[in-house]
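take this sequence and fold it.
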Amino acid sequence: MPADVRDEGSPPRVLHLHSTFAAGGKELRSVQLINAFGSKLSHAIVSADPNAYGAAEHIAKGRDVRYPRDFPSLRGKPWPGRLHTLARAMQPYDLVLTYNWGAMDAVMAHTLFKDSLDLPPLIHHEDGFNEDEQDRLKASRNWYRRIALGKANGLVVPSEVLEGIALETWQQPIGRVKHVPNGIDTKGFAARPRADALRGVIKHKGEKWVGSLAGLRAVKNLPALVRAVARLPEEWQLVIVGEGPEREAIRDAAEAAEISHRVHMPGFVANPKSYIGLFDIFALSSRSEQFPLSVVEAMAAGLPVAAPAVGDIADMVAKENAPFIVAPKDETALAEALLALAGDEGLRKTLGDANKARARAKFDEATMIASYRRLYDSALGGGVLT
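Below you'll find the predicted structure:
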């Protein structure tokens, strides 16, 4: 049922097709927008992983959200019959929003059958790549994206790196690619947390913390961060907030470096604004990133950042912090950056203040929401969200 026969007075129906709806960065951004748009839209959310709907817990009460479990699977071979079935399932909606490679078959189905089935507009969102493409993009996927995105109303990317890939590698027209940096409630990170705000780990008097928010996955290269922190004085602890399959590898690295007593992994803890301010330095050691929201959260909390120059990180931080964004995969350089920051409290304060100012100026959620509001409203024909 196309948009022009929607029941008069009812909100437009938006279909979200996610690779996963676990509580990760892109999913929680989608939740931010659902919450911000309130009763102006009705939502249907589908995950390619039928067991991954954890982000749903963060949707505000009163939002019109459904989870159609009878929607065709987003996984499978892109045979014409399957793509036609996916396309027909989009017909009852007024706007289709797709996310990452896991929803790309739906994007292809939309392009192939948009005209013949009178499908609603589609906007695709790309936030990064799986570990199998962390070093080099797969040519077959690049080719598939070029074709699949042919009739999309927009391709949204949060980083300048991804914008370049979309324009050059995927050969998308400049008018289709929309660069919208992720945003957060920057002022909400200003309050100083209690010493026991982080579940299971208490910050004791005299301790200093290097903190990281990261999934415990190989691409995050967290054993390298353990080895870098091992060079810091004894009062410096490493606190890694996150869950994943690399927990034992991180513990092994801590044992090998003889700092097991200084490495803490409380698991995944929601609401970073309640505890990230306990960190004295924020650090990443990733082999691949695009636009890590955790860096913005650390900046908003007034922290200096030490990290490799992957994705947009070097451009995200304040210019004063730039010397501490080091060459990718250079453990020695990362350790030296941490040593310099650990040894100079005044420097940490100067960089933290500069990062806080930049986060508020560039990465506040109000700016991000306004950009998405204009984009989605235009696709819906105008006058719905503005």
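
please enumerate the helices of this protein.
25-37, 80-90, 104-117, 139-148, 160-164, 222-229, 247-256, 293-300, 313-316, 331-342, 345-362, 365-379 (DSSP state H).

so which elements touch the first one?
If you count contacts as 3 or more C-beta pairs under 8 Å, 6 or more residues apart in numbering; DSSP states H and E, helix 25-37 packs onto strand 13-18, strand 95-99, helix 365-379. Glycine gets a C-beta too; all of them are placed from N, C-alpha and C.

same deal with the longest one?
Packing contacts for helix 345-362, counted by 3+ C-beta pairs under 8 Å, 6+ apart, involve helix 293-300, helix 331-342.

can you lay out those helices as JSON lines showing mean pLDDT, distance to Asn153 and mean neighbour count?
Converted to JSON lines, the helices and strands packed on helix 345-362 look like this (pLDDT from 0 to 100; distance: least, C-beta to C-beta, whole Å; neighbours: other C-beta atoms under 10 Å):
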{"stretch": "helix 293-300", "mean pLDDT": "95", "distance to Asn153": "25", "mean neighbour count": "26"}
{"stretch": "helix 331-342", "mean pLDDT": "98", "distance to Asn153": "41", "mean neighbour count": "20"}
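
of all these, which lies closest to Gly128?
In terms of C-beta to C-beta, the element of the helices and strands packed on helix 345-362 nearest to Gly128 is helix 293-300, at 11.3 Å.

got the angle for the closest one vs helix 25-37?
Our comparison of helix 293-300 with helix 25-37, counting by axes from the mean of the first three to the mean of the last three C-alpha atoms, to 10 degrees, yields an angle of 60 degrees.

what does helix 293-300 rub up against?
With contact meaning C-beta atoms under 8 Å, 6 or more residues apart in numbering, helix 293-300 is reached by 25, 29, 182-184, 186-190, 211-214, 272-273, 276, 279, 282, 284, 305, 307, 313, 316-318, 355-356, 358-360, 363.

rewinding a little: which of the helices and strands packed on helix 25-37 sits closest to Phe71?
Across the helices and strands packed on helix 25-37, closest to Phe71 is strand 13-18 (C-beta to C-beta), at 8.2 Å.

contacting residues around Asp364?
The neighbours of Asp364, taking C-beta under 8 Å, 6+ apart as the test, are 183-187.

out of those, which comes closest to Tyr53?
Distance to Tyr53 across these (C-beta to C-beta) is lowest for Ile184, with 22.6 Å.

returning to what we had before: would you turn the contacts of Asp364 into JSON lines with neighbour count, pLDDT and distance to Leu238?
Listed next are those as JSON lines, based on neighbours: other C-beta atoms under 10 Å; pLDDT from 0 to 100; distance: C-beta to C-beta, whole Å:
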{"residue": "Gly183", "neighbour count": "23", "pLDDT": "93", "distance to Leu238": "28"}
{"residue": "Ile184", "neighbour count": "23", "pLDDT": "92", "distance to Leu238": "24"}
{"residue": "Asp185", "neighbour count": "14", "pLDDT": "93", "distance to Leu238": "27"}
{"residue": "Thr186", "neighbour count": "25", "pLDDT": "95", "distance to Leu238": "26"}
{"residue": "Lys187", "neighbour count": "14", "pLDDT": "94", "distance to Leu238": "28"}
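
now for those: which two are most distant?
The widest separation within the contacts of Asp364, taken as C-beta to C-beta, falls between Gly183 and Lys187 and amounts to 11.9 Å.

count the neighbours of Thr169 for me.
Burial of Thr169 is recorded as 15 neighbouring residues (other C-beta atoms under 10 Å).

again with the one 3 residues further on
For Gln172, the number of neighbouring residues by other C-beta under 10 Å comes to 22.

any idea how this structure splits into domains?
Residue ranges for the domains of the chain, per automatic domain parsing: 3-183+365-379, 186-362.

could you dump those to JSON lines with distance to Thr386?
Compiled in JSON lines, the domains of the chain are given as follows (distance: least, C-beta to C-beta, whole Å):
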{"stretch": "domain 3-183+365-379", "distance to Thr386": "5"}
{"stretch": "domain 186-362", "distance to Thr386": "23"}
